[in-house]
Structures are given as C-alpha cells and as structure tokens.
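Novice: got a structure for you, letters missing:
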C-alpha cells in the first residue's frame, strides 16, 4: 500500500500555507490519499471524509434598461380658433384687424406673437384674447404661427395657422378647410358657455362648416338646426343624459369635427 508523502514546510513558517486550488484545473471531488499538483508542486490530501469543491457562480448582471426620454410638457393653455369683430370664425386676417383668439387657460397671457411679431391692444381673459393684428415683414410667409406667452416669455398656448395679409391686399383663394369648432355661445345672452341644458338654443362657432347645412349631434342624439353658415350654427340642445358630452358637426360631404365641448345640466 502506498505511503502518503509528507508535506515539508519551511522552518520559518509556524503554520502550513493554505492550499489554494485553481478553480479552472482542480478536480471537483478529492479523497484521502489523492495526490494533487498545484503550480507544479505535489501534495497528498489527508482528509477523513470526502470533500466536494463547489465553484462559486456569479449570476449575470441584468442590463440596465435605457431611460425613456422625458416628453415635452404641453403648454397650459389652448387657442382653438379666431373670430373677427363680428364674432365670425376666420382663418385669415389683415394687418390692423381686430381679432379674438378663442381658447382656455389664457388669462396669464402677457404677449401674443403673430409670425414672430408682437400684437397690440392685448386684452386677455380666461376664454379669449382680443388683439390688433400687427404688420408683418415681407420676409414672413403664410400661414404664420400664433403664440401666446406669459411672463418671461413662457409659452402659454399655440393657435392654429393663420393667414395674414397687409391691409387692402386680397386673401388668396382657399380650399374648404375641415370643420373646426372653436366656441359655444348662449344664443340669447351672447356669452361664451361650456354648460348647457336640454332645450337651450346655442350657437356653435368655428370654421369650415360649409354653406350647405349638415348635421349636429350631442353625443348620439341629433340636434335640431335653426341656422347654418360656414362659421356659425344655431342649434337646440336635444334631450340627453346630464353630464359631459361631445358635440359633433358633420358636413354633407362627410367631413366632421367632434369635441368634448359641453356639460349638460338637467
């Protein structure tokens, strides 16, 4: 029977050196009497039980997901459309014209820029801004951007494109734009409203309604139409369930506009 080889240690060492087994080359199981070669040096293993060496497995580090981009913060206000001095919805104006910007959240407006030029006669409130259209440089091309700003130039709202021509210059011919609802008036008082009741006569303001009458509905309920022009429709609120409701304006050619524009009260 083979004799175990004694392991000799330098006299200066009081304790034997720790046996370090390279994980890549060492066996996973050793027993008493086995001979191991570690870095070219032979060692005899003296153990009383089997010794199992279990490699340490480091779990993979999961990849860090990319940080999604931060979406831009929309402006707090909305400019829905424009009306002239007669309260008709318009998409074109001349320099020097009186213009009403319909919308919501506009009370903090301190400046209106039309094509980058500041408008004059500014009179803001919560649902609209009255201005005088400025004269634009010849280098500005139509349609122009309409922008309402607050203190320090902070953006309050952006409006739909507007065509601006110098005073006396005819407007270019335009194709019939898609219908667009900009406001809701109580026909009797003439006041802008967002709350209506069944049977109330209201005026829908906007643009692109067309000359030929189409249909108006509150939710799924058709409404009676009393008058129809390209920029204003007089209609009667039908019998619908109280609460928020959408208003749909549909032209005979099938083009329509729908907006959650009113709240119906009993």
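Specialist: Nice, thanks for sending it over. Being a predicted model, the structure only gives us computed values, none of them experimental. Residues are numbered from 1 along each chain as shown.

Novice: which residue ranges form the strands in the stretch 151-266 of the chain?
Specialist: 155-158, 163-165, 180-186, 195-197, 201-207, 215-218, 221-223, 225-228, 232-236, 243-250, 256-265 (DSSP state E, counting those that start in this stretch).

Novice: Which is the succeeding secondary structure element to the helix or strand of the chain with the lowest mean pLDDT?
Specialist: Within the chain, no helix or strand scores below strand 51-52, which has a mean of 48 by mean pLDDT, DSSP states H and E. Later in the chain than strand 51-52, the nearest helix or strand by DSSP states H and E is strand 78-83.

Novice: For the helix or strand just after that next one, which outside residues touch it?
Specialist: Going down the chain from strand 78-83, the next helix or strand is strand 89-90, by DSSP H and E. Strand 89-90 has contacts (C-beta atoms under 8 Å, 6 or more residues apart in numbering) with 81-84, 99, 180, 182, 205-207, 230-232. To be clear about C-beta, it is placed using only N, CA and C from the backbone, and glycine gets the same treatment.

Novice: What is the nearest of the residues you listed to residue 146?
Specialist: residue 82 (7.9 Å; C-beta to C-beta).

Novice: before we move on, back to that, format the strands of the stretch 151-266 of the chain as JSON lines; extra columns: distance to residue 111, mean neighbour count and mean pLDDT.
Specialist: Formatted as JSON lines, the strands of the stretch 151-266 of the chain follow (distance: least, C-beta to C-beta, whole Å; neighbours: other C-beta atoms under 10 Å; pLDDT from 0 to 100):
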{"stretch": "strand 155-158", "distance to residue 111": "9", "mean neighbour count": "20", "mean pLDDT": "86"}
{"stretch": "strand 163-165", "distance to residue 111": "17", "mean neighbour count": "19", "mean pLDDT": "92"}
{"stretch": "strand 180-186", "distance to residue 111": "21", "mean neighbour count": "21", "mean pLDDT": "76"}
{"stretch": "strand 195-197", "distance to residue 111": "31", "mean neighbour count": "15", "mean pLDDT": "87"}
{"stretch": "strand 201-207", "distance to residue 111": "25", "mean neighbour count": "22", "mean pLDDT": "85"}
{"stretch": "strand 215-218", "distance to residue 111": "36", "mean neighbour count": "21", "mean pLDDT": "90"}
{"stretch": "strand 221-223", "distance to residue 111": "39", "mean neighbour count": "16", "mean pLDDT": "91"}
{"stretch": "strand 225-228", "distance to residue 111": "37", "mean neighbour count": "15", "mean pLDDT": "92"}
{"stretch": "strand 232-236", "distance to residue 111": "29", "mean neighbour count": "21", "mean pLDDT": "90"}
{"stretch": "strand 243-250", "distance to residue 111": "32", "mean neighbour count": "17", "mean pLDDT": "86"}
{"stretch": "strand 256-265", "distance to residue 111": "27", "mean neighbour count": "16", "mean pLDDT": "76"}
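
Novice: Looking at those strands, which is nearest to residue 77?
Specialist: Of all these, strand 155-158 sits nearest to residue 77, with 3.4 Å by C-beta to C-beta.
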